[in-house]
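Undergrad: after the sequence you'll find the predicted model.
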Amino acid sequence: MLKEFKDFIMTGNVVEFAVAVILAGAIGAVVNGFVNDVVMPVVGHFAGGMDFSSMKVILSEAVGTEGAEGYKAENAIRYGAWINTIISLITVGFVLFMMVKAYNKANPPAPAAPAGPSDIDLLSEIRDLLKK
């Protein structure tokens, strides 16, 4: 059973999948860094210096001091964080679209092989030759 597991793990598909997952995590970190550190400050600047992440509707205020007995945390609808998430989604989607577009342009698909006669045409030709 151990040998079977080793054979399974060392197949090309599993190793390639593991590399893809690791690379996806790294690319995700780069894209998220781009969105959070480059795009969101620009969006905030053009929105009048507004920081979306701090926007919220407070349903109930915090009671007491954090860490003390009887402390009750604030209850709020954090719609600003949701706006940041939507902007991040759109930006990540656009960046990935541009990456795929550049990859496809750099690696055009191979031309299709010329179509030959169909199986029916070949069988008909063989039949006609056998009749002669």
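TA: Now that the structure is in, tell me what you want to look at. Residues are numbered from 1 along each chain as shown.
Undergrad: helix or strand: which one has Ala76?
TA: Assigned by DSSP states H and E, Ala76 belongs to strand 75-77.
Undergrad: other SSEs contacting that strand?
TA: strand 57-60 (3 or more C-beta pairs under 8 Å, 6 or more residues apart in numbering; DSSP states H and E). Every C-beta, even on glycine, is put in place using the N, C-alpha and C of the backbone.
Undergrad: can you list the strands that the strand it packs on pairs with?
TA: Sheet neighbours of strand 57-60, with direction, are listed as strand 75-77 (antiparallel) (DSSP bridges).
Undergrad: kindly list the longest helix within the protein.
TA: helix 79-106 (DSSP state H).
Undergrad: buried ones in it?
TA: For helix 79-106, a neighbour-count test (16 or more other C-beta atoms under 10 Å) marks 80, 83-84, 87-88, 91-92, 95 as buried.
Undergrad: what's the answer for stretch 36-54, then?
TA: Buried residues in stretch 36-54, counted by 16+ other C-beta under 10 Å: 39-40, 43-44, 52-53.
Undergrad: what's the spacing between that stretch and its chain's center?
TA: How far stretch 36-54 lies from its chain's middle: 23 Å, per C-alpha atoms, centre = their mean, to the nearest Å.
Undergrad: distance between the ends of that stretch?
TA: 14 Å (C-alpha to C-alpha, to the nearest Å).
Undergrad: what average pLDDT does that stretch get?
TA: Across stretch 36-54, the average pLDDT comes to 79.
Undergrad: same check on stretch 97-104?
TA: 87.
Undergrad: what about that stretch, distance to the chain center?
TA: For stretch 97-104, the distance to the chain centre is 13 Å (C-alpha atoms, centre = their mean).
Undergrad: how about stretch 75-84?
TA: Distance of stretch 75-84 from the chain centroid (C-alpha atoms, centre = their mean) equals 23 Å.
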